[in-house]
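Student: Quick one: sequence and predicted model below, then my questions.
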Amino acid sequence: LGIAHDGSPPQTYVENNVGAEGCPASERYIMSPLIDIASSYKFSYCSAQQLYTFVG
């Protein structure tokens, strides 16, 4: 869906994608490259914003 991992810059192939640099990977949401059972089933704010951009 063009969602960047938390802590990463925007995907260049998705128009108007804001990326996830504002959401640290250390918070360990589902799009974090780090794994943690406690929050791995939730999306960060940055991931949600990117999804809304993609879906339009």
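Tutor: Yep, it's here. Not measured: the values here are computed from a predicted model. Numbers count the residues shown, from 1 in each chain.
Student: any low-confidence regions in this protein?
Tutor: Within the chain, the stretches with pLDDT under 70 are 36-40.
Student: Now do the helices in it.
Tutor: Ranges of helices in the chain, per DSSP state H, are 45-55.
Student: middle-most residue in it, spatially?
Tutor: Nearest to the geometric centre of the chain sits residue 47, at 3.2 Å (C-alpha atoms, centre = their mean).
Student: what separates it from residue 53, distance-wise?
Tutor: 11 Å (C-beta to C-beta, to the nearest Å). Backbone N, C-alpha and C define where each C-beta goes, glycine included.
Student: any idea how far the residue nearest to the centre of the chain is from residue 32?
Tutor: On the measure of C-beta to C-beta, residue 47 and residue 32 end up 9 Å apart.
Student: list the residues that contact both of these two?
Tutor: Common contacts of residue 47 and residue 32 (C-beta atoms under 8 Å, 6 or more residues apart in numbering): residue 6.
Student: In contact with residue 45, which residues are there?
Tutor: Contact partners of residue 45, counting by C-beta under 8 Å, 6+ apart, are 22, 23.
Student: do the one 4 residues further on as well
Tutor: Contacts for residue 49 were tallied using C-beta under 8 Å, 6+ apart; they are residue 18.
Student: Next one: it relative to residue 41, how far apart?
Tutor: 19 Å.
Student: now swap in residue 56 and tell me
Tutor: For residue 56, the distance to residue 41 (C-beta to C-beta) stands at 25 Å.
Student: Before I go, just wanted to say thanks for your time.
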